[in-house]
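Enquirer: below is the structure, and that's it, no one-letter string:
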């Protein structure tokens, strides 16, 4: 079973044998038949189906504070060739192509080539620090958290405790936990949220946490439309108006909030974390709840920062990033 990344195209192909004129893809998602797709051709044609977009319709990543595997399976799917056009005639029993995958909402880059996947081995599902040649995360002092990994074809999340500086795995490779003193901008509560935490779907299609250790700036922006209203009254027998009744009325008043986060100082090897955050489609901010600051709340956000300049220790000495996020909802509740 391949572990495919379906934000990038996934091609499945079959070469028509002599005497065969069509191919049919039967695509099951989590054991439910969702698509039957037909293509015709002649012997020797390579019939190709692109299935990523079809799969992503059934892959919805959510986050409410719990980290779980969120994948779909195409087990039981296959491509068959037929002796007649339009998927009729006698099917081949020997040249079927199995389309048996575990799909994650990740992606490959252009330089990584077609049909990106995670490979067959167990591994941490975060980027490796190629400068230090190891796996590193950066977390506030006394904080707890998780790191995603693949083991025995399952996505799991290894948990670290408040004083841990390493996190072991079932497959023998550890993650180094670098503790950051963030007392200048830290909060008293919630106890496990001294600074802002961003959770996002990374390149591998799993949830990853990234801490922003320095200042936070939140703004509220409103928009409105106006119209000129008729305030003339004839109730007294003559035309008059009240000077307390405005002729210019407001409608469609709405508001949005945005937040700007400063990362604090990260090493050069953490650059891929911020690149993947920039490219992520699904992001959540964990912050103190305004009405109850001793409790945390998780809110969906959209990153509005649109460019990312790689910083290096040679060029920039100290590496810090500032990211801007829009709340992924209107501030005034208008859900109807």
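Expert: Looks like it came in fine. None of these values were measured; they are calculated from a predicted model.

Enquirer: now do the buried residues in stretch 287-303.
Expert: The neighbour-count check on stretch 287-303 (16 or more other C-beta atoms under 10 Å) flags 287, 288, 296, 299, 301, 303 as buried. Quick note: C-beta positions are derived from backbone N, CA and C, even for glycine.

Enquirer: correction: stretch 28-45
Expert: 28, 29, 34, 39, 41, 45.

Enquirer: what number of residues lie near the closest residue to residue 182 other than its chain neighbours?
Expert: Distance criterion C-beta to C-beta, 6 or more residues apart in numbering; nearest residue to residue 182, sequence neighbours excluded, is residue 213 at 4.2 Å. For residue 213, the count of nearby residues is 24 (other C-beta atoms under 10 Å).

Enquirer: and the gap between residue 213 and residue 307?
Expert: For residue 213, the distance to residue 307 (C-beta to C-beta, to the nearest Å) stands at 22 Å.

Enquirer: from the contact counts, what lies against the top helix by length along the chain?
Expert: Under DSSP state H, the helix in the chain containing the largest number of residues is helix 271-279. With contacts defined as 3 or more C-beta pairs under 8 Å, 6 or more residues apart in numbering; DSSP states H and E, helix 271-279 has these neighbours: strand 196-201, strand 207-212, strand 248-266, strand 319-327.

Enquirer: quick check: which ranges of the stretch 51-200 of the chain have low pLDDT?
Expert: For the stretch 51-200 of the chain, residues meeting the criterion pLDDT under 70 lie at 185-192.

Enquirer: thought residue 105 was touching residue 4?
Expert: No. Assessed by C-beta atoms under 8 Å, residue 105 is found out of contact with residue 4, at 10.5 Å.

Enquirer: can you list the domain ranges for the chain.
Expert: Taking automatic domain parsing as the domain assignment, the ranges for the chain are 2-112, 123-218+254-327.

Enquirer: so what would you say the end-to-end distance of the longest one is?
Expert: Separation of the first and last residues of domain 123-218+254-327 by C-alpha to C-alpha, to the nearest Å is 33 Å.
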